[in-house]
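Chemist: Would you be able to build a 3D model of this:
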Amino acid sequence: MLVVKNERIFAFIRSLIYRTPFLVLIGGFFLGCTSPSTSIGGINEAGDFRIEIDTVFLDPIQSSQIGSFYLRGESLYYVDNAYGLIEEFTVAGKSKGLKKRELDGPEELQGISELIPTQAGFIVRHDWGFYQYNSDWNFVGKSVFQTASTVSYEEMLNNPKGEYMEMYELLHSNPKTTELPDGHLVIKLDVEHPLFNAFTTRTYYRESRVLGRVNPFNGMMVEMLGARPDSYENYEFIPFHVMLDYHWTGDDTIYVTYEADSMIYVYDPAWKVIKSFGAAGVGMKTNYVQSQTLDVALESKYFLYSRKNEGFYKDIFVDEDSDFVFRTYRQGSDRQDLVDETENPLRLQVFVGEKLVGDFPVPGRFRILGKVEDQYVADGYFDEQNEKQGFYLLNFE
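Modeler: As a prediction, the model looks like this:
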């Protein structure tokens with residue numbers, strides 16, 4: 001059976017659920033340079049612990065300022081979603097040229113949802129398609145996300161269970177897809193079933209899977225992983241805060257942070273909890289609006305309010321060569337004039353040996369991508385009004 005996205009009966013719960021509309025913005029051309037450092041203090045029980053954030057400004061060949069950065073080795077790749085292009089930069093901010101654009105070459109790329117660095121090169125995900133390229137950006141192959149047929153259509157429709165692969169598709173909110181050493185991809189999952197969903201079904205919170213292991217060469221999902229922690233039993237229906245972020249380490253431990261839970265959970269590949277640790281964010285607004293109606297799904301204002309005005313835990317990064325774990329969270333805001341989620345105040349928690357040593361305000365799009373030598377590289381600086389664009393380098397003082 002084809003994946004649920006092809007089943008029209010589920011379409012009425014679709015487009016507004018986890019998608020934020022883009023603003024049409026005009027990019028400019030900027031001089032590549034590094035700004036003066038900004039030193040930011042934070043809480044620390046043992047003494048002073050400070051971070052330093054530098055901004056590296058870029059001069060993109062073409063930019064709408066609607067995009068994201070990705071790190072592979074010591075190279076950064078800027079993906080412009082509006083123009084549909086990928087440009088490579090050094091950590092010093094020097095352009096190494098365009099590497100890929102839409103409608104270019106064999107199996108013409110129709111768009112860019114996400115760039116996935118791999119051992120062999122790159123995978124460009126567009127919606128449910130995976131376009132594979134080698135390190136020189138030569139086209140290798142293409143596949144489309146799909147699942148095997150495990151039950152009849154009638155059974156899936158009328159008697160949905162969390163174990164039924166056919167119900168799942170790819171989550172488009174805050175996507176993160178990573179390659180495992182065996183070549184499989186790990187990708188965030190979503191469910192949009194009329195009887196099994198975050199808006200009307202409590203069993204969704206207990207049984208729905210959160211990650212999928214996918215063979216990129218044929219697009220087949222071969223395994224589903226996980227379920228949400230018991231903390232979600234404290235709520236009835238918080239459909240816009242069921243998302244998560246994860247970091248899959250080289251030794252197959254999986255660090256996961258959930259939007260409505262202050263704890264960080266560490267799992268083994270069988271999704272058994274190895275340990276958990278964490279700390280509540282500073283001044284977070286977590287009095288979530290709870291509702292059991294599909295009307296919430298069909299009103300984009302509720303989704304937008306949840307991202308702009310409510311607090312939630314967001315992105316996680318683990319430095320596998322040290323004891324550092326980084327997690328960001330949005331505090332929430334009472335302001336009604338915020339344009340989008342990036343204006344919801346963002347803070348960065350730093351854990352060392354599972355102990356919180358710092359909690360710092362950071363720029364609204366800040367998300368650690370990886371480490372180059374002794375510096376952490378983070379996405380991303382976009383200043384549409386002053387026509388500046390770049391990325392961040394984080395150091396400890």
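
Chemist: how many neighbours does the closest residue to N134 other than its chain neighbours have?
Modeler: Nearest residue to N134, sequence neighbours excluded (CB to CB, 6 or more residues apart in numbering): G121, at 4.1 Å. (C-beta placed from N, C-alpha, C; glycine too.) The local packing of G121 (other CB atoms under 10 Å) involves 16 other residues.

Chemist: I figured G121 hits Y131, correct?
Modeler: No. Taking contacts as CB atoms under 8 Å, G121 lies outside contact range of Y131: 10.8 Å.

Chemist: Please enumerate the helices of the stretch 251-397 of the chain.
Modeler: With DSSP state H, counting those that start in this stretch as the criterion, the stretch 251-397 of the chain has helices at 300-308.

Chemist: Can you give me the separation between the closest residue to S75 other than its chain neighbours and F122?
Modeler: Of all residues not flanking S75 in the chain, E88 sits nearest, at 5.4 Å (CB to CB, 6+ apart). Separation of E88 from F122 (CB to CB, to the nearest Å) stands at 11 Å.

Chemist: who's more crowded, the two?
Modeler: Using other CB under 10 Å, the more surrounded residue of E88 and F122 is F122, with 21 against 17.

Chemist: can you tell me which residues contact the residue nearest to N134?
Modeler: Contact partners of G121, counting by CB atoms under 8 Å, 6 or more residues apart in numbering, are Q132, Y133, N134, S135, D136, W137, V140.

Chemist: My guess is the last one contacts Y133. True?
Modeler: So that's V140. Yes. With contact defined as CB under 8 Å, V140 reaches Y133; the gap is 6.0 Å.

Chemist: Neighbours of T203, how many?
Modeler: Close neighbours of T203, defined as other CB under 10 Å, add up to 12.

Chemist: tell me the average confidence for the host helix or strand of it?
Modeler: Under the criterion DSSP states H and E, the helix or strand holding T203 is helix 202-207. In this model, helix 202-207 has a mean pLDDT of 95.

Chemist: in it, what's buried?
Modeler: Y204, Y205, E207 (16 or more other CB atoms under 10 Å).

Chemist: How far off centre is it?
Modeler: 22 Å (CA atoms, centre = their mean, to the nearest Å).

Chemist: Could you do stretch 94-113 as well?
Modeler: On CA atoms, centre = their mean, the centre of stretch 94-113 falls 21 Å from that of its chain.

Chemist: Between V140 and Y133, which is the more surrounded one?
Modeler: Neighbour count, other CB under 10 Å: between V140 and Y133, Y133 has more, with 21 against 16.

Chemist: Only alpha carbons, please: show the helix or strand hosting that one as PDB.
Modeler: Here Y133, judged by DSSP H and E, is contained in strand 129-134. The C-alpha coordinates for strand 129-134 follow below in PDB (Å, rounded to 0.1, in the frame of the first residue of the first chain):
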ATOM      1  CA  GLY A 129      11.500  12.300  -2.600                       C
ATOM      2  CA  PHE A 130      15.200  11.600  -2.000                       C
ATOM      3  CA  TYR A 131      17.700  12.800  -4.600                       C
ATOM      4  CA  GLN A 132      21.200  11.200  -4.200                       C
ATOM      5  CA  TYR A 133      24.500  12.900  -5.200                       C
ATOM      6  CA  ASN A 134      28.100  12.000  -4.700                       C
END
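
Chemist: and the angle for the helix or strand just after it with strand 129-134?
Modeler: Sequence order places strand 139-144 as the next helix or strand after strand 129-134, per DSSP H and E. Interaxial angle of strand 139-144 relative to strand 129-134 (axes from the mean of the first three to the mean of the last three CA atoms, to 10 degrees): 160 degrees.

Chemist: who touches K188 in this structure?
Modeler: Shown in contact with K188 (CB under 8 Å, 6+ apart): L170, L171, N174, P175, K176, T177, V210, L211, G212, M243, L244, Y246.

Chemist: Next, count neighbours for the fifth one.
Modeler: Summarising burial for K176: neighbours were counted as other CB under 10 Å, giving 19.

Chemist: quick revisit: pretty sure the residue nearest to S75 contacts K94?
Modeler: No. Counting by CB under 8 Å, E88 sits too far from K94 to count as a contact (9.5 Å).

Chemist: In terms of helices and strands, where is the residue lying farthest from the centre of the chain?
Modeler: Most distant from the centre of the chain: E154, at 33.2 Å, with distances by CA atoms, centre = their mean. Assigned by DSSP H and E, E154 belongs to helix 153-158.

Chemist: Pull out the buried positions in that helix.
Modeler: Buried residues in helix 153-158 (16+ other CB under 10 Å): M156, L157.

Chemist: Show me what secondary structure element comes after that helix.
Modeler: Downstream of helix 153-158, the first helix or strand assigned by DSSP H and E is strand 168-170.

Chemist: Show me what that following strand is packed up against.
Modeler: With contacts taken as 3 or more CB pairs under 8 Å, 6 or more residues apart in numbering; DSSP states H and E, strand 168-170 sits against strand 185-191.

Chemist: Now do the strand it packs on against strand 129-134: the angle between them, please.
Modeler: Going by the same axes, to 10 degrees, strand 185-191 makes 170 degrees with strand 129-134.

Chemist: how many neighbours does K272 have?
Modeler: Number of residues near K272 (other CB under 10 Å) recorded here: 8.

Chemist: pLDDT wise, what is it at?
Modeler: Value for K272, per-residue pLDDT: 96.

Chemist: separation between it and I254?
Modeler: Computed as CB to CB, the K272 to I254 distance reads 10 Å.

Chemist: Show the pLDDT at the residue nearest to E179 when sequence neighbours are not counted.
Modeler: Nearest-residue entry for E179: T118, 4.6 Å, with adjacent residues in sequence omitted and distances by CB to CB, 6+ apart. pLDDT, T118: 96.

Chemist: ok, now V4?
Modeler: We have a pLDDT of 37 for V4.

Chemist: same question for stretch 132-149, mean pLDDT?
Modeler: Average pLDDT, stretch 132-149: 94.

Chemist: what's in contact with it?
Modeler: Taking CB under 8 Å, 6+ apart as the rule, stretch 132-149 contacts 1-3, 99-100, 105-107, 120-124, 128-131, 165-166, 168-170, 214-221.
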